[in-house]
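Visitor: I'd like to go over a predicted model; first the sequence, then the structure.
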Amino acid sequence: MPELPEVETTLQGIQPHIQHQIVQQVVIRHFGLRWPIPKNIIQQLQNQRLLKVERRAKYLLLQFKHGTAIIHLGMSGRLRILKQPISPQKHDHFDILFANKIILRFTDPRRFGAFLWTEAKPHLHPLLCHLGPEPLQKTFSYSYLWQVAQERKVPLKTLIMDPTVVVGIGNIYANEALFMAGLHPNLRANQLSLKQTQALVKAIKYVLRRAIQLGGTTLQDFLKSDGKPGYFANQLQVYGRAGLPCLQCHALLVSVRIGQRSTVFCPRCQKK
DNA sequence: CAGAATACCTGCGGGC
DNA sequence: TGCCCGCAGGTATTCT
(Lines give C-alpha, C1' and ligand atoms only; values in the text may rest on other atoms or scores of the structure.)
Protein backbone atom coordinates (compact mmCIF):
# COMPACT_ATOMS: atom_id res chain seq x y z
CA MET A 1 0.00 0.00 0.00
CA PRO A 2 0.41 3.19 -0.15
CA GLU A 3 2.04 4.35 3.02
CA LEU A 4 0.89 7.33 5.04
CA PRO A 5 1.96 9.99 2.52
CA GLU A 6 0.06 8.22 -0.25
CA VAL A 7 -3.05 7.90 1.89
CA GLU A 8 -2.80 11.56 2.88
CA THR A 9 -2.37 12.49 -0.78
CA THR A 10 -5.42 10.41 -1.63
CA LEU A 11 -7.43 12.12 1.10
CA GLN A 12 -6.50 15.54 -0.21
CA GLY A 13 -7.29 14.43 -3.75
CA ILE A 14 -10.78 13.06 -3.09
CA GLN A 15 -12.06 15.22 -0.22
CA PRO A 16 -12.96 18.39 -2.16
CA HIS A 17 -15.08 16.37 -4.59
CA ILE A 18 -17.11 14.29 -2.16
CA GLN A 19 -17.31 15.98 1.25
CA HIS A 20 -20.83 17.30 2.00
CA GLN A 21 -22.26 15.43 -1.00
CA ILE A 22 -25.14 12.97 -0.83
CA VAL A 23 -24.60 9.34 -1.73
CA GLN A 24 -26.93 8.29 -4.52
CA GLN A 25 -25.83 4.71 -4.97
CA VAL A 26 -23.18 2.22 -3.87
CA VAL A 27 -22.16 -0.37 -6.45
CA ILE A 28 -20.16 -3.35 -5.24
CA ARG A 29 -18.80 -5.72 -7.87
CA HIS A 30 -16.58 -7.83 -5.64
CA PHE A 31 -17.34 -8.29 -1.95
CA GLY A 32 -14.17 -10.30 -1.28
CA LEU A 33 -11.63 -7.86 0.05
CA ARG A 34 -9.47 -8.60 3.10
CA TRP A 35 -12.74 -8.96 4.98
CA PRO A 36 -16.02 -9.33 3.14
CA ILE A 37 -17.68 -5.97 2.49
CA PRO A 38 -20.78 -5.95 4.73
CA LYS A 39 -23.93 -6.17 2.60
CA ASN A 40 -25.72 -3.57 4.69
CA ILE A 41 -23.20 -0.89 3.77
CA ILE A 42 -25.20 -0.24 0.60
CA GLN A 43 -28.36 0.63 2.54
CA GLN A 44 -26.44 2.47 5.24
CA LEU A 45 -24.91 4.91 2.76
CA GLN A 46 -27.87 5.31 0.45
CA ASN A 47 -29.20 8.90 0.40
CA GLN A 48 -26.94 9.91 3.27
CA ARG A 49 -24.84 13.04 3.32
CA LEU A 50 -21.11 12.53 3.66
CA LEU A 51 -20.37 14.85 6.56
CA LYS A 52 -16.62 14.53 6.74
CA VAL A 53 -13.66 12.68 5.23
CA GLU A 54 -10.61 12.16 7.39
CA ARG A 55 -7.56 9.98 7.83
CA ARG A 56 -6.41 8.02 10.87
CA ALA A 57 -3.17 6.09 10.28
CA LYS A 58 -3.69 4.58 6.82
CA TYR A 59 -7.45 4.35 7.22
CA LEU A 60 -9.77 6.76 5.43
CA LEU A 61 -12.93 7.51 7.39
CA LEU A 62 -16.11 8.62 5.66
CA GLN A 63 -18.38 9.97 8.36
CA PHE A 64 -22.15 9.92 8.01
CA LYS A 65 -24.90 10.79 10.46
CA HIS A 66 -25.44 7.18 11.57
CA GLY A 67 -21.97 5.74 11.28
CA THR A 68 -18.63 5.69 9.49
CA ALA A 69 -17.35 3.86 6.44
CA ILE A 70 -13.75 2.72 6.91
CA ILE A 71 -11.59 2.31 3.82
CA HIS A 72 -8.09 0.81 3.77
CA LEU A 73 -6.05 0.58 0.59
CA GLY A 74 -4.08 -2.53 1.56
CA MET A 75 -0.96 -2.99 -0.55
CA SER A 76 -2.26 -2.19 -3.99
CA GLY A 77 -5.45 -0.22 -3.43
CA ARG A 78 -6.29 3.07 -5.08
CA LEU A 79 -9.13 5.53 -4.98
CA ARG A 80 -10.01 7.72 -7.92
CA ILE A 81 -12.51 10.42 -8.68
CA LEU A 82 -14.44 9.97 -11.91
CA LYS A 83 -16.29 12.96 -13.28
CA GLN A 84 -18.30 10.78 -15.61
CA PRO A 85 -18.99 7.05 -15.70
CA ILE A 86 -16.20 4.92 -17.14
CA SER A 87 -16.76 1.20 -17.64
CA PRO A 88 -15.19 -0.69 -14.74
CA GLN A 89 -12.06 -2.76 -15.20
CA LYS A 90 -11.20 -6.10 -13.68
CA HIS A 91 -10.07 -4.86 -10.27
CA ASP A 92 -12.52 -1.99 -9.80
CA HIS A 93 -14.30 -3.52 -6.82
CA PHE A 94 -16.70 -0.80 -5.74
CA ASP A 95 -18.01 2.65 -6.64
CA ILE A 96 -19.74 5.26 -4.52
CA LEU A 97 -21.90 7.49 -6.71
CA PHE A 98 -22.83 10.92 -5.39
CA ALA A 99 -25.77 13.14 -6.27
CA ASN A 100 -23.40 15.63 -7.90
CA LYS A 101 -22.53 12.88 -10.43
CA ILE A 102 -19.04 12.39 -8.99
CA ILE A 103 -17.98 8.75 -8.63
CA LEU A 104 -15.47 7.50 -6.07
CA ARG A 105 -13.94 4.30 -7.49
CA PHE A 106 -11.91 1.75 -5.50
CA THR A 107 -9.39 -0.40 -7.37
CA ASP A 108 -7.27 -3.10 -5.72
CA PRO A 109 -5.66 -6.00 -7.63
CA ARG A 110 -4.44 -7.83 -4.54
CA ARG A 111 -7.60 -7.27 -2.53
CA PHE A 112 -5.79 -6.63 0.74
CA GLY A 113 -7.86 -3.50 1.14
CA ALA A 114 -11.00 -3.06 3.21
CA PHE A 115 -14.40 -1.38 3.09
CA LEU A 116 -16.20 -1.62 6.41
CA TRP A 117 -19.04 0.00 8.28
CA THR A 118 -19.20 0.93 11.95
CA GLU A 119 -21.92 2.63 13.93
CA ALA A 120 -19.68 3.18 16.92
CA LYS A 121 -17.18 5.99 17.10
CA PRO A 122 -14.56 4.97 14.54
CA HIS A 123 -11.67 5.36 16.97
CA LEU A 124 -13.20 2.64 19.13
CA HIS A 125 -13.36 0.18 16.23
CA PRO A 126 -11.17 -2.91 16.82
CA LEU A 127 -8.95 -1.97 13.87
CA LEU A 128 -8.33 1.53 15.17
CA CYS A 129 -8.47 1.33 18.94
CA HIS A 130 -4.91 0.02 19.46
CA LEU A 131 -3.16 2.42 17.13
CA GLY A 132 -0.25 4.56 18.32
CA PRO A 133 0.19 8.29 17.73
CA GLU A 134 0.22 10.00 14.34
CA PRO A 135 3.86 10.53 13.36
CA LEU A 136 3.36 14.15 12.33
CA GLN A 137 1.68 15.22 15.55
CA LYS A 138 3.38 16.47 18.66
CA THR A 139 2.32 13.40 20.63
CA PHE A 140 4.93 11.52 18.61
CA SER A 141 7.89 13.02 20.44
CA TYR A 142 11.37 11.66 21.01
CA SER A 143 10.72 11.29 24.73
CA TYR A 144 7.64 9.19 23.93
CA LEU A 145 9.52 6.96 21.49
CA TRP A 146 12.48 6.54 23.81
CA GLN A 147 10.21 5.47 26.63
CA VAL A 148 8.48 2.89 24.41
CA ALA A 149 11.80 1.68 23.00
CA GLN A 150 13.16 0.90 26.47
CA GLU A 151 10.60 -1.88 26.85
CA ARG A 152 11.30 -3.54 23.51
CA LYS A 153 14.08 -5.79 22.22
CA VAL A 154 13.03 -5.83 18.58
CA PRO A 155 15.18 -4.35 15.80
CA LEU A 156 14.74 -0.62 15.45
CA LYS A 157 13.16 -1.02 12.03
CA THR A 158 10.54 -3.40 13.42
CA LEU A 159 9.80 -0.94 16.21
CA ILE A 160 9.02 2.00 13.97
CA MET A 161 6.90 -0.17 11.65
CA ASP A 162 4.76 -1.33 14.58
CA PRO A 163 1.44 0.55 14.32
CA THR A 164 0.85 0.31 18.07
CA VAL A 165 4.06 2.35 18.53
CA VAL A 166 3.53 4.88 15.74
CA VAL A 167 1.25 4.65 12.71
CA GLY A 168 1.87 5.10 9.02
CA ILE A 169 5.49 4.03 8.62
CA GLY A 170 5.76 1.23 6.09
CA ASN A 171 8.78 -0.43 4.59
CA ILE A 172 9.85 2.37 2.26
CA TYR A 173 9.82 5.17 4.80
CA ALA A 174 11.27 3.00 7.56
CA ASN A 175 14.32 2.39 5.37
CA GLU A 176 14.57 6.04 4.39
CA ALA A 177 14.16 7.42 7.91
CA LEU A 178 16.79 5.08 9.38
CA PHE A 179 19.25 6.10 6.69
CA MET A 180 18.61 9.75 7.31
CA ALA A 181 19.08 9.29 11.05
CA GLY A 182 22.30 7.32 10.47
CA LEU A 183 20.98 4.37 12.48
CA HIS A 184 21.47 0.66 11.78
CA PRO A 185 18.08 -1.00 11.18
CA ASN A 186 19.09 -3.96 13.35
CA LEU A 187 19.99 -1.91 16.39
CA ARG A 188 17.92 -3.24 19.30
CA ALA A 189 15.25 -0.79 20.37
CA ASN A 190 16.27 -0.85 24.03
CA GLN A 191 19.85 0.07 23.16
CA LEU A 192 18.83 3.35 21.62
CA SER A 193 20.22 6.48 23.23
CA LEU A 194 18.10 9.55 23.82
CA LYS A 195 20.12 11.44 21.26
CA GLN A 196 19.68 8.71 18.64
CA THR A 197 15.94 8.67 19.32
CA GLN A 198 15.83 12.40 18.76
CA ALA A 199 17.55 12.01 15.38
CA LEU A 200 15.19 9.22 14.41
CA VAL A 201 12.00 11.09 15.28
CA LYS A 202 13.28 14.11 13.40
CA ALA A 203 14.08 11.96 10.35
CA ILE A 204 10.68 10.26 10.38
CA LYS A 205 8.84 13.57 10.46
CA TYR A 206 11.06 15.06 7.79
CA VAL A 207 10.77 12.13 5.38
CA LEU A 208 7.00 11.86 5.73
CA ARG A 209 6.40 15.60 5.42
CA ARG A 210 8.55 15.79 2.33
CA ALA A 211 6.82 12.83 0.73
CA ILE A 212 3.41 14.38 1.33
CA GLN A 213 4.63 17.64 -0.18
CA LEU A 214 5.82 15.81 -3.26
CA GLY A 215 2.62 13.83 -3.60
CA GLY A 216 3.68 10.42 -2.37
CA THR A 217 5.92 7.78 -3.82
CA THR A 218 5.04 6.04 -7.03
CA LEU A 219 5.92 2.38 -7.29
CA GLN A 220 4.39 -0.09 -9.69
CA ASP A 221 0.70 0.46 -9.21
CA PHE A 222 0.18 3.53 -7.09
CA LEU A 223 -1.27 6.53 -8.80
CA LYS A 224 -2.62 9.54 -7.06
CA SER A 225 -6.38 9.72 -6.91
CA ASP A 226 -6.49 12.11 -9.83
CA GLY A 227 -4.46 9.67 -11.90
CA LYS A 228 -1.13 11.49 -11.91
CA PRO A 229 1.91 9.79 -10.40
CA GLY A 230 3.61 11.15 -7.29
CA TYR A 231 7.10 12.56 -7.29
CA PHE A 232 8.82 11.11 -4.25
CA ALA A 233 10.31 8.08 -6.00
CA ASN A 234 13.35 9.99 -7.25
CA GLN A 235 14.03 11.23 -3.72
CA LEU A 236 14.62 7.75 -2.32
CA GLN A 237 18.09 7.38 -0.83
CA VAL A 238 18.18 3.64 -0.05
CA TYR A 239 14.90 1.90 -0.84
CA GLY A 240 15.27 -0.12 -4.04
CA ARG A 241 18.99 0.76 -4.31
CA ALA A 242 20.60 -2.38 -2.87
CA GLY A 243 24.07 -2.95 -4.38
CA LEU A 244 24.28 0.64 -5.60
CA PRO A 245 26.61 3.22 -4.05
CA CYS A 246 25.45 5.21 -1.05
CA LEU A 247 24.61 8.73 -2.16
CA GLN A 248 26.36 10.04 0.94
CA CYS A 249 29.63 8.04 1.14
CA HIS A 250 29.67 5.82 -1.99
CA ALA A 251 29.95 2.56 -0.03
CA LEU A 252 27.74 -0.14 -1.55
CA LEU A 253 24.27 -0.38 0.00
CA VAL A 254 23.46 -3.73 1.63
CA SER A 255 20.18 -5.65 1.57
CA VAL A 256 19.06 -7.87 4.47
CA ARG A 257 15.74 -9.20 5.70
CA ILE A 258 14.30 -7.95 8.95
CA GLY A 259 10.90 -9.26 10.02
CA GLN A 260 10.41 -10.80 6.56
CA ARG A 261 10.77 -7.40 4.93
CA SER A 262 13.55 -6.33 2.60
CA THR A 263 15.78 -3.83 4.30
CA VAL A 264 18.39 -1.68 2.60
CA PHE A 265 21.02 0.32 4.43
CA CYS A 266 24.49 1.79 4.17
CA PRO A 267 26.98 -0.21 6.26
CA ARG A 268 29.20 2.83 6.61
CA CYS A 269 26.67 5.59 7.35
CA GLN A 270 24.37 3.47 9.52
CA LYS A 271 26.38 2.14 12.43
CA LYS A 272 25.00 0.27 15.41
C1' DC B 1 2.86 -11.16 27.47
C1' DA B 2 6.56 -10.40 23.52
C1' DG B 3 8.28 -11.78 19.34
C1' DA B 4 8.22 -14.55 15.19
C1' DA B 5 5.91 -16.79 11.56
C1' DT B 6 1.93 -17.22 8.63
C1' DA B 7 -1.81 -15.89 5.93
C1' DC B 8 -4.68 -13.27 2.81
C1' DC B 9 -4.40 -12.11 -2.95
C1' DT B 10 -2.73 -10.92 -7.83
C1' DG B 11 0.87 -9.46 -10.91
C1' DC B 12 5.39 -9.10 -12.43
C1' DG B 13 10.15 -10.10 -13.58
C1' DG B 14 13.83 -13.45 -13.87
C1' DG B 15 15.63 -18.03 -14.82
C1' DC B 16 15.18 -22.09 -17.32
C1' DT C 1 6.66 -18.63 -25.60
C1' DG C 2 5.50 -20.81 -21.22
C1' DC C 3 6.13 -22.47 -16.60
C1' DC C 4 7.85 -21.99 -11.92
C1' DC C 5 9.73 -19.28 -8.38
C1' DG C 6 10.29 -15.39 -5.47
C1' DC C 7 9.03 -10.99 -4.43
C1' DA C 8 5.98 -6.76 -3.76
C1' DG C 9 4.33 -0.79 -0.40
C1' DG C 10 0.12 -4.02 4.97
C1' DT C 11 -1.25 -5.96 9.03
C1' DA C 12 -4.47 -9.32 11.55
C1' DT C 13 -4.08 -13.78 13.19
C1' DT C 14 -1.83 -17.74 14.82
C1' DC C 15 2.25 -19.90 16.68
C1' DT C 16 6.05 -20.51 20.24
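Guide: Cool, the structure landed. Residues are numbered from 1 along each chain as shown, chains lettered A, B, ... in the order given.

Visitor: helices or strands up against the longest helix seen in chain A?
Guide: Ordering each helix of chain A by length in residues (DSSP state H) puts helix A:194-213 first. Helices and strands touching helix A:194-213, by 3 or more Cβ pairs under 8 Å, 6 or more residues apart in numbering; DSSP states H and E, are helix A:4-18, helix A:142-150, helix A:156-160, helix A:171-181. Yep, even glycine has a C-beta here, placed from its N, CA and C like the rest.

Visitor: what do you get if the cut-off is 7 Å, keeping everything else the same?
Guide: helix A:4-18, helix A:142-150, helix A:171-181 (3 or more Cβ pairs under 7 Å, 6 or more residues apart in numbering; DSSP states H and E).

Visitor: what's the following helix or strand after it?
Guide: With elements assigned by DSSP states H and E, the helix or strand that comes after helix A:194-213 is strand A:254-258.

Visitor: Quick one: mean pLDDT for the longest helix of chain A?
Guide: Averaging pLDDT along helix A:194-213 yields 95.

Visitor: Over to stretch A:9-18?
Guide: According to the model, stretch A:9-18 has a mean pLDDT of 91.

Visitor: residues of that stretch that come out buried?
Guide: For stretch A:9-18, burial by neighbour count (16 or more other Cβ atoms under 10 Å) applies to A:Thr9, A:Thr10, A:Leu11, A:Gln12, A:Gly13, A:Ile14, A:Gln15, A:His17, A:Ile18.

Visitor: and if you look at stretch A:78-93?
Guide: Under 16+ other Cβ under 10 Å, the buried positions of stretch A:78-93 are A:Arg78, A:Leu79, A:Arg80, A:Ile81, A:Leu82, A:Pro88, A:His91, A:Asp92, A:His93.

Visitor: Greatest separation within those: which pair is it?
Guide: Longest distance between any two of the buried residues of stretch A:78-93 is 17.2 Å, between A:Ile81 and A:His91; criterion Cβ to Cβ.
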